[in-house]
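**Q** This is a predicted model, with the sequence first.
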Amino acid sequence: MPFKFIEEIAIADIAFEATAPTLDRLFEEAGMAASDIMVDPKTVKPALKKTLKLSANTVENLMYDFLSELIYLKDTKGLLFNKYSVKVKQAKEWTLSCVAMGDKIDRKRHDLRNDLKAITMHMFVVEQRGREWYARVVVDI
């Protein structure tokens, strides 16, 4: 399983770990974990496409900004996603281009779970471990 929830880390919050063979895939898995916290992804139709472009000075900040953007889109536009296609590059700074597929929140159709409020820096990690990339994220609900 590419991501898993960690119950023993956070009592009032939700924590997850994600691993992937590439950084692109790590961001996709982290996006899916955030989505899974908010809604059953199987109940979200890929009815609309949202393109995200972000940049940051570190890969950790890029992950933080990416996940925070998903919360922002939920809160301001009422959007939930169930598929991510991410490309991360490092040049002068880290950049992310993402196509997210999803739908507007529909309380009758979507199996809503938790209201994800914020990404925290508590125990936040994004790093390469051997041949795999790893992230640990604690979110405020």
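**A** Thanks, I have the structure now.

**Q** so what's residue 69 up against?
**A** The contact partners of residue 69, by C-beta atoms under 8 Å, 6 or more residues apart in numbering, come to 52, 54. (C-beta placed from N, C-alpha, C; glycine too.)

**Q** Whichever strand or helix holds it - what's its average pLDDT?
**A** Applying DSSP states H and E as the criterion places residue 69 in helix 59-77. Averaged over helix 59-77, pLDDT sits at 98.

**Q** How far off centre is that helix?
**A** Between the mean C-alpha point of helix 59-77 and the mean C-alpha point of its chain there is a distance of 7 Å (C-alpha atoms, centre = their mean, to the nearest Å).

**Q** for it, which positions count as buried?
**A** Buried residues in helix 59-77, defined by neighbour count with 16 or more other C-beta atoms under 10 Å: 59-60, 62-67, 69-71, 73-74.

**Q** same thing with stretch 18-25?
**A** By neighbour count on 16+ other C-beta under 10 Å, the buried set for stretch 18-25 is 18, 19, 20, 23, 24, 25.
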